[in-house]
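Novice: Provide a 3D model corresponding to the input given below.
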Amino acid sequence: LSCLRPKSTVAWSWLDRIMERGTADSSAVPDDTSSSHVVEVSLREVLCAGAVCWAAWRYFRYITCLRTYGRDMTAMAGKADLVIGRDDEIDRVIRILCRRTKNCAALVGAAGVGKTAIAEGLAQRIVAGKVPSKLAGARVIVLNLTAMVSGTTYVGMFEERMTDFLKKVAAARGKVTLFVDEMHMLLGAGAATGTHMDAANMLKPALARGHIRCLGATTDDECSKYIEKDPALERRFQIVHVEEPSTHSTISILHGLKPRYEMHYGLEILDGTIDAVVHLADRYIAGRRFPDKAIDLIDEAYTRIELGGENTVVAPDNVAQVVMDVTFIISTVCACHVVLCLN
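Specialist: Numbers count the residues shown, from 1 in each chain. You can find the predicted model right below:
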């Protein structure tokens, strides 16, 4: 976050001169230098050093505040899994964030469809430089509401923290995009008894003026239950619907994640196993969404093989055994379905 770092090399050179001459005595001053000139140069050095120290202090407070109540998603973009099949949603989010006003997007979809992965995909694009100039060099900061509320024993402490945090984000002048996962938690967060000043009401003015770029994520049920009941908050966000990926898209996602899992567990996974994972999850695991349930199933199969220590390859039979343990389906039924999937 170098937006507040002093960019003048002159100021830094004056500070270096003071540090180098800090141990020098008065004899180091030339005899032909007038006393008024010495006083003038010393004053300039002091003023420049003070400006540098003030800018450094502001930068330190800026970084400390963001690290205390947020997490830099762009700094961890290289460690996150690749985002596959969400290019349209990411492009839509980028177009919304580049708007002059109402530059806030809300990812709305069922749990497990990959809303947070879209935010990670945005961070990966920013790091790769595949974004418009308005988002170039920006940071995606995840707001930690738990840390913001924690320890607020006195009235006004939460408001002070939230106001200071929003000022730091606004001071970045568009170079910080705020990501609020489970954005419905903004309603009522930090509100004292008998007051309506919560995190959502404190965030509304900054969002209305376009001073802060914000990306939120919530489920369909929580959006209709909380967000839609607050029209003032709802109109500040542009809704981006995140649909559940198809079985074909889920297979592509698992193929993209395959190298990461093989490197982590040291086990090979067959291509037929990935097809079996998706079809078995679609057939027997109800109440959950792709790609979350397929990723959990393949992860469980990996751990089963790793703990057994007998095989070095994850086969479709291992996935069928996991499905049997999770859903209590008879193993012969799963085995027959695996054969049908492979054929």
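Novice: residue contacts, the one residue sitting closest to the centre of the chain?
Specialist: The C-alpha lying nearest the average C-alpha coordinate of the chain belongs to residue 73 (C-alpha atoms, centre = their mean; 3.8 Å). The neighbourhood of residue 73, defined by C-beta atoms under 8 Å, 6 or more residues apart in numbering, consists of 80, 119-120, 123, 139-142, 179. Every C-beta, even on glycine, is put in place using the N, C-alpha and C of the backbone.
Novice: quick one, phi psi at it?
Specialist: phi -80, psi -30 (degrees, to the nearest 10).
Novice: Then residue 276 would be within a helix, right?
Specialist: Yes. Residue 276 forms part of a helix when assessed by DSSP: H, G, I helix; E, B strand; the rest coil.
Novice: Strands of the stretch 1-150 of the chain, start to end?
Specialist: Under the criterion DSSP state E, counting those that start in this stretch, the stretch 1-150 of the chain contains strands at 70-72, 104-108, 139-143.
Novice: for those strands, which one sits closest to residue 327?
Specialist: Relative to residue 327, the nearest member of the strands of the stretch 1-150 of the chain by C-beta to C-beta is strand 104-108, separated by 29.1 Å.
Novice: Could you pull out the buried residues of the closest one?
Specialist: Taking 16 or more other C-beta atoms under 10 Å as the basis for neighbour counts, the residues of strand 104-108 that come out buried are 104-108.
Novice: Kindly present the strands of the stretch 1-150 of the chain as JSON lines, with separate columns for distance to residue 299 and mean pLDDT.
Specialist: Conversion of the strands of the stretch 1-150 of the chain to JSON lines gives the following (distance: least, C-beta to C-beta, whole Å; pLDDT from 0 to 100):
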{"stretch": "strand 70-72", "distance to residue 299": "23", "mean pLDDT": "87"}
{"stretch": "strand 104-108", "distance to residue 299": "24", "mean pLDDT": "95"}
{"stretch": "strand 139-143", "distance to residue 299": "23", "mean pLDDT": "91"}
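Novice: nearest to residue 222, of those strands?
Specialist: Comparing the strands of the stretch 1-150 of the chain against residue 222 with C-beta to C-beta, the closest turns out to be strand 104-108 (8.9 Å).
Novice: got the contact list for that closest one?
Specialist: Under the criterion C-beta under 8 Å, 6+ apart, residues 89, 92-93, 96-97, 115, 118-119, 183, 207, 212-220, 223, 227, 236-242 lie in contact with strand 104-108.
Novice: Check those residues for burial and list the buried ones.
Specialist: Of all the contacts of strand 104-108 considered here, the ones buried according to neighbour count by 16+ other C-beta under 10 Å are 89, 92-93, 96-97, 115, 118-119, 183, 207, 212-219, 223, 227, 236-238, 240, 242.
Novice: Can you list which of those residues are found in helices?
Specialist: Where the buried ones among the contacts of strand 104-108 overlap with helices, as defined by DSSP state H, the overlap consists of 89, 92-93, 96-97, 115, 118-119, 207.
Novice: Break down the stretch 201-343 of the chain into its strands, ranges please.
Specialist: Going by DSSP E, counting those that start in this stretch, the stretch 201-343 of the chain shows strands at 213-218, 238-241, 268-269, 313-314.
Novice: By mean pLDDT, flag the weakest helix or strand of this protein.
Specialist: Counting by mean pLDDT, DSSP states H and E, the chain has its least confident helix or strand at helix 331-342, which shows a mean of 50.
Novice: still on that earlier bit, generate a PyMOL selection restricted to the buried entries among the contacts of residue 73.
Specialist: For selection in PyMOL, the members of the contacts of residue 73 meeting the burial criterion (16+ other C-beta under 10 Å) are listed in this command:
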select buried, resi 119+120+123+139+140+141+142+179
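Novice: any idea which of the contacts of residue 73 is closest to residue 271?
Specialist: residue 80 (24.2 Å).
Novice: Quick one: residues contacting that closest one.
Specialist: Contact partners of residue 80, counting by C-beta under 8 Å, 6+ apart, are 73, 120, 123-124.
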